[in-house]
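Trainee: Quick one: sequence and predicted model below, then my questions.
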Amino acid sequence: MQAPTGEITRLLGKVREGDEAARAHLMTAVYAELRRLSAAMMRRERPGHSLQATELLHEAYLKLVGQEIDFANRAHFFAAASTVMRHILVDYARAHRSEKRGGGQVPVTLDENALFSAQQSEQMLALEEALQRLGKMDARQARIVELRFFGGLTEEEAADVLGVSSRTVKRDWKMAKAWLFSEMNS
């Protein structure tokens, strides 16, 4: 069950004021949506990924609450959560690539799943590199990709986080997707 938007924003305000009880209630309030977000991200990952959706959720939550970030509202919190989750997955993909290149691991016989896993890791890294290039050209478009694709935010929620209109988000989202498609397929 999803907590009402206003409830999460209220809890974030109380956490900002130092209310430790609110910090505990916040996890309960956001858990289901964070679980949905992490599950959606993990569905895009390679089969047999060593990280599970629940582990991704918990690792991201610990990083979020450990940083003392001043979250303005629910959309800002979930935008930050999606960014943290993306960074965790990219770190895992880099580690997987390092292992693939011999990073101190014992060699194993390759099978079809191992080949698919390597391809998925490479795709995640290619997307990350393309997203970084996009960020150098248009930081807002790159941030919109993070919010919409990785964070699952709606156009309105992304607009709220960025302080722009939903029409601007819609236009930039369309342009960013086209640019990334071109980059990933060239």
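Mentor: Sure thing, it's come through. Numbers count the residues shown, from 1 in each chain.
Trainee: in what helix or strand does the residue at minimal distance from the centre of the chain lie?
Mentor: With distances taken as CA atoms, centre = their mean, the chain has residue 82 as the residue nearest its mean C-alpha position (2.9 Å). Taking DSSP states H and E as the definition, residue 82 sits inside helix 74-100.
Trainee: What is that helix packed up against?
Mentor: helix 5-16, helix 20-43, helix 53-66, helix 112-137, helix 155-162 (3 or more CB pairs under 8 Å, 6 or more residues apart in numbering; DSSP states H and E). C-betas here are computed from N, CA, C, even on glycine.
Trainee: ok so, going back, and the gap between the residue nearest to the centre of the chain and residue 186?
Mentor: Distance of residue 82 to residue 186, computed by CB to CB, to the nearest Å: 26 Å.
Trainee: can you check residue 24 too?
Mentor: Counting by CB to CB, the gap from residue 24 to residue 186 is 49 Å.
Trainee: Counting neighbours, what do you get for the nearest residue to residue 160 once chain neighbours are set aside?
Mentor: Once flanking residues are discounted, residue 160 sits nearest to residue 75: 4.8 Å by CB to CB, 6 or more residues apart in numbering. Here the number of neighbours of residue 75 (other CB atoms under 10 Å) works out to 23.
Trainee: go on, residue 27?
Mentor: The tally of other residues near residue 27 (other CB under 10 Å) stands at 13.
Trainee: Quick check, pLDDT for the nearest residue in space to it that is not next to it in sequence.
Mentor: Of all residues not flanking residue 27 in the chain, residue 61 sits nearest, at 6.6 Å (CB to CB, 6+ apart). For residue 61, the pLDDT comes out at 82.
Trainee: Ok, residue 173 next?
Mentor: Here the pLDDT value assigned to residue 173 is 93.
Trainee: where's it, which helix or strand?
Mentor: helix 166-184.
Trainee: helices or strands up against that helix?
Mentor: Using 3+ CB pairs under 8 Å, 6+ apart: helix 166-184 touches helix 112-137, helix 139-145, helix 155-162.
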